[in-house]
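Peer 1: could you work out the structure for the sequence below:
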Amino acid sequence: MNIIVCIKQVPDTTEIKIDPVKNTLIRAGVPSIMNPFDKNALETGLQLKDQYGGKVTAISMGPPQAKAVLREALSMGADEAYLVTDRAFGGSDTYATSYILSKAIEKLGPFDVILGGKQAIDGDTGQTAPSIAEHLGANRLSYILDLKVDGEKVIARRQVEEGIEIVETSLPVLCTATKESNKPRYATVRGKIASLKAEIPEIKLEDLPGADISKMGLKGSPTKVKATFTPQRTANGVVIREDTPEQTAGSLINRLDDAKLL
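Peer 2: The predicted model follows:
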């Protein structure tokens, strides 16, 4: 089984700052980590490998320093890692990023399962991984808790607002993992030492023949960040307690209506 895990290096901070000129994320001076949800996705991939055999390949798009999270993935048990990096990719939004990653995955393919976190903690859009599935024409299962493979059939439990949903589809498939899906394993000492010696190849624009450069970078991004801010936290809140859920909901609706919020 060929398993590809998309991981992202994100700032280890709750305060995101944007360059006022380029309108891109300011990373200088901010410590970075592997996106926590991507770590759950990596653990899902490693569990699939443990159960069914195969290979786990970690892939990330970003500047050269993003190799740090790829080495972390290798230390946890990934077999290979690739960094997708090129100046032409700079400033890509979720659409452009998903397009570039899909082309890189096609280069690394064929694939059976692609995994990613449900969202990144810096952008919180949850758009990139599902968009990769669209570009590749793969089936998509989001918010999975676990995944079982039976031949060409995939059965997953996924988290929805109403509870747990059991769905079935066929390979190839892209899945996004939640925090509740598993507890990521710790890297071993041997794994950490091996990851420091491992070669992490770079995939550049020239390695993606046939890719449409007009869909990359700032120029290929249909969305632009104009401004960001950190919401102020307040301690104001009201706890509504009634005898039944229906009465509680009714009381909430009445309060919102009185405040002219409905």
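Peer 1: state the phi and psi torsions of E43.
Peer 2: phi -60, psi -40 (degrees, to the nearest 10).
Peer 1: check G210 too.
Peer 2: G210 adopts backbone torsions of phi 90, psi -10, taken as degrees, to the nearest 10.
Peer 1: report how many residues lie close to it.
Peer 2: For G210, the count of nearby residues is 6 (other C-beta atoms under 10 Å). Using the backbone N, CA and C atoms, a C-beta is placed for each residue, glycine as well.
Peer 1: can you list the weak-confidence ranges in this protein?
Peer 2: Applying pLDDT under 70 to the chain picks out residues 13-30, 228-230.
Peer 1: what segments of it are strands?
Peer 2: Under the criterion DSSP state E, strands of the chain are mapped to 2-6, 9-11, 32-34, 55-61, 80-84, 113-117, 139-150, 153-160, 163-170, 173-177, 202-203.
Peer 1: can you give me the buried ones in stretch 35-55?
Peer 2: Residues 35, 37-49, 54 are the ones in stretch 35-55 that count as buried (16 or more other C-beta atoms under 10 Å).
Peer 1: just the closest of those to D93, please.
Peer 2: N35 (16.6 Å; C-beta to C-beta).
Peer 1: what sits against the closest one?
Peer 2: I7, K8, Q9, V10, G117, A120, I121, D122 (C-beta atoms under 8 Å, 6 or more residues apart in numbering).
Peer 1: which of those lies closest to A58?
Peer 2: Using C-beta to C-beta, I7 comes nearest to A58 of the contacts of N35, at 5.7 Å.
Peer 1: now that closest one. Nearest residue, chain neighbours left out?
Peer 2: D38 (4.1 Å; C-beta to C-beta, 6 or more residues apart in numbering).
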